[in-house]
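one predicted model, sequence on top.
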Amino acid sequence: MSARKPFLIVSTPNSGSDWLAGCIARVTGWRYFQKEFFNPLTNGAYAETLLSQFGCELATGAENLATCYTQQIDTVIERTWPRDTYDLNKEVWSFAKLPALVAHFDCIVLTRSTSSLFPPSRLRVWQWYDAIWHALKKSGRIGLSSTTPTARAREAHSAATDILLRDANAMSVPQLSYDQLITAEPGELRRLCTWLATIWPLDAEKLAVEIITTRRKKNLPAAEPHPA
């Protein structure tokens, strides 16, 4: 790796970031944290420090989901990330923190449409987005009014995606669509990977092959029983 910034995929929960980051790590050999480095729930080594600024589905971290205090986040990142030697990370609980993250990482944004995400294949996804809904509601950042868990989850996903895309557009952060990666014909997918290779130093053809090979396992979720 060069001295350039480490690479980061910023997304929302259950939007394909695990899959895409895994594809990129396999074709580049970059050292990848696997989950979210700044998630207090998945990075126990720094959980106490991370909880001061970063959020997750835990009640103790939910309030941080809707915040972006750049200077304070800078301090937490500087106290944690440089202690390890990872090249690639992905974050799904930091959708409101892109303005802070771009100072430290070479970012791309990955989004997924509400229609393909819901209903999810895992019931836990409803809980994840319910936590986001309550965080956004409490922060007063956006007016949310749904009362059922499923409606709140869909509303939270839409709101979180809007926040992420607004910031990405304002800062010219490159964007990818999970839905397009999953459904694109090989020629279109290769063009997408060639475009990504102009942003990140990776082999576009190898990435296209990896995506084509693994996306067969990423079928859109079928309807299943879920909370009313």
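Cool, got the structure.

out of everything not next to it in sequence, what's closest to Pro174?
Leaving out its chain neighbours, the residue that sits closest to Pro174 by C-beta to C-beta, 6 or more residues apart in numbering is Ile108, at 4.7 Å. Glycine gets a C-beta too; all of them are placed from N, C-alpha and C.

please read the previous query as pertaining to Val102.
Counting by C-beta to C-beta, 6+ apart, the residue nearest Val102 is Met171, at 5.8 Å.

which residues sit in contact with that neighbour?
98-99, 102 (C-beta atoms under 8 Å, 6 or more residues apart in numbering).

so for it, what's the pLDDT?
We note a pLDDT of 97 for Met171 in this prediction.

how about the one 5 residues further on?
Residue-level confidence at Leu176 comes out at 98, pLDDT.

now Ser2
47.

lowest average confidence, helix or strand, in this protein?
Within the chain, judged by mean pLDDT, DSSP states H and E, the helix or strand with the poorest mean is helix 59-62; its value is a mean of 80.

can you name the element that comes right after that helix?
Toward the C-terminal end, the helix or strand that comes next after helix 59-62 (DSSP states H and E) is helix 70-80.

alpha carbons of that next one, in CSV - could you do that?
Extracted in CSV, the C-alpha atoms of helix 70-80 (Å, rounded to 0.1, in the frame of the first residue of the first chain):
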residue,chain,number,x,y,z
THR,A,70,-16.1,16.6,13.5
GLN,A,71,-13.4,17.7,16.0
GLN,A,72,-14.3,15.2,18.6
ILE,A,73,-14.5,12.4,16.0
ASP,A,74,-11.1,13.4,14.7
THR,A,75,-9.7,12.8,18.2
VAL,A,76,-11.3,9.3,18.6
ILE,A,77,-10.1,8.2,15.1
GLU,A,78,-6.6,9.4,15.9
ARG,A,79,-6.6,7.5,19.2
THR,A,80,-7.7,4.2,17.6
